[in-house]
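Student: Sequence and computational prediction follow.
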Amino acid sequence: MTPVRGWPEMLSRARRLSCRWPKNNAEGKIGLMKWTSVVPPFVRLLFFVCVAAAIDAAEPAEKIRDVSPDGKFAVRIRYDGAPSAEQIPSETVHAVEIVTLPDKKPVEQLLGERAGGFSLEGFKLVWSPDSKAFAFSVDDVRTSVVATEELHEGKFVPANEPEELQVDVKNAFTQYVHPVRWVKPGELLLEEVAGFRDYERAHTMLQLTAKKDAATGKYKIVSHKRAPAAKRK
């Protein structure tokens, strides 16, 4: 459960809530005048403190997805909203994390609270066949963040350097990279789609292969080839 805020911050938030009382029409103004004239200031402040506490104490909903092949890990999305929501607005997300199953103990946080700019529609994660590694990507405005992590002594640790899992495309305006599947432990297939400012120009689509370097223990692109281009719709 989300911890309740300290009293100084709670009082500050209560004052902000009180300032947001409906004032945009005549009826609202009359109601506000009657309410403030009858209810003592301390009671009004206490009311908004209780409202703020109730908001903070609300338990976020969660969604479990992307279960590992061995069934021991999964992705958990914690968010504000109905537990049965089919679509989760990214602005409501508290965290995207790897958890153990069935106890749902967090072992790795992929995205922190209110991580602005990302879209859950652009979030993808694939597990290696032995469940000892995963690759994931998150789409930003014009690029993707793509990463691999491996299990070491019960913890997942980064297994690639920044920018190592993509190929530069000349004059590209957008570049999105997503993991597709693991060929085997230590070998990963990805796809990259590069877009251009010229709306009529077809995207450049690449198929990438990343392998774990025996010397460094990091994944990097070892080969790439063009895939059939696609016109913008």
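Tutor: On my side now, so go ahead.
Student: care to break the protein down by domain?
Tutor: Following automatic domain parsing, the chain resolves into domains at 7-57, 61-227.
Student: so where do the helices sit in the protein?
Tutor: 7-19, 26-38, 41-57 (DSSP state H).
Student: weakest of the ones you listed by average pLDDT?
Tutor: Per-segment confidence across those bottoms out at helix 7-19, which has a mean of 48 in mean pLDDT.
Student: give me the beta-bridge partners of Arg226?
Tutor: Per DSSP bridges, residues listed as beta-bridge partners of Arg226: Leu206.
Student: Need the pLDDT of it.
Tutor: With respect to pLDDT, Arg226 scores 90.
Student: go on, Glu113?
Tutor: 59.
Student: Please apply the same query to Tyr199.
Tutor: So Tyr199 comes in at 78 (pLDDT).
Student: so who does Ser223 touch?
Tutor: For Ser223, the set of contacting residues under the criterion of CB atoms under 8 Å, 6 or more residues apart in numbering consists of 208-209. C-betas here are computed from N, CA, C, even on glycine.
Student: Where does pLDDT dip in this structure?
Tutor: Low-confidence regions of the chain, defined by pLDDT under 70, span residues 1-59, 83-85, 113-119, 229-233.
Student: ok so, going back, burial-wise, tell me which of the domains of the chain comes out on top.
Tutor: Each of the domains of the chain was given a mean neighbour count from mean count of other CB atoms under 10 Å, and the largest, a mean of 16, is that of domain 61-227.
Student: so how far does it reach from one end to the other?
Tutor: The first and final residues of domain 61-227 sit 40 Å from each other (CA to CA, to the nearest Å).
Student: and if you look at stretch 199-219?
Tutor: From the first residue to the last, stretch 199-219 extends over 34 Å; the measure is CA to CA.
Student: Which stretches in this protein count as strands?
Tutor: Defined through DSSP state E, the strands belonging to the chain, from first to last, are 61-65, 73-79, 93-100, 106-111, 123-127, 133-139, 144-152, 155-158, 174-184, 187-195, 204-212, 219-227.
Student: how about those in JSON lines, adding distance to Glu86?
Tutor: Formatted as JSON lines, those follow (distance: least, CB to CB, whole Å):
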{"stretch": "strand 61-65", "distance to Glu86": "10"}
{"stretch": "strand 73-79", "distance to Glu86": "12"}
{"stretch": "strand 93-100", "distance to Glu86": "15"}
{"stretch": "strand 106-111", "distance to Glu86": "20"}
{"stretch": "strand 123-127", "distance to Glu86": "15"}
{"stretch": "strand 133-139", "distance to Glu86": "20"}
{"stretch": "strand 144-152", "distance to Glu86": "24"}
{"stretch": "strand 155-158", "distance to Glu86": "28"}
{"stretch": "strand 174-184", "distance to Glu86": "21"}
{"stretch": "strand 187-195", "distance to Glu86": "26"}
{"stretch": "strand 204-212", "distance to Glu86": "29"}
{"stretch": "strand 219-227", "distance to Glu86": "31"}
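Student: nearest to Gln166, of those strands?
Tutor: Minimum separation from Gln166 across the strands of the chain (CB to CB) falls at strand 174-184, 4.7 Å.
Student: Check which helices and strands the closest one sits against.
Tutor: In terms of contacts (3 or more CB pairs under 8 Å, 6 or more residues apart in numbering; DSSP states H and E), strand 174-184 is packed against strand 123-127, strand 133-139, strand 144-152, strand 187-195.
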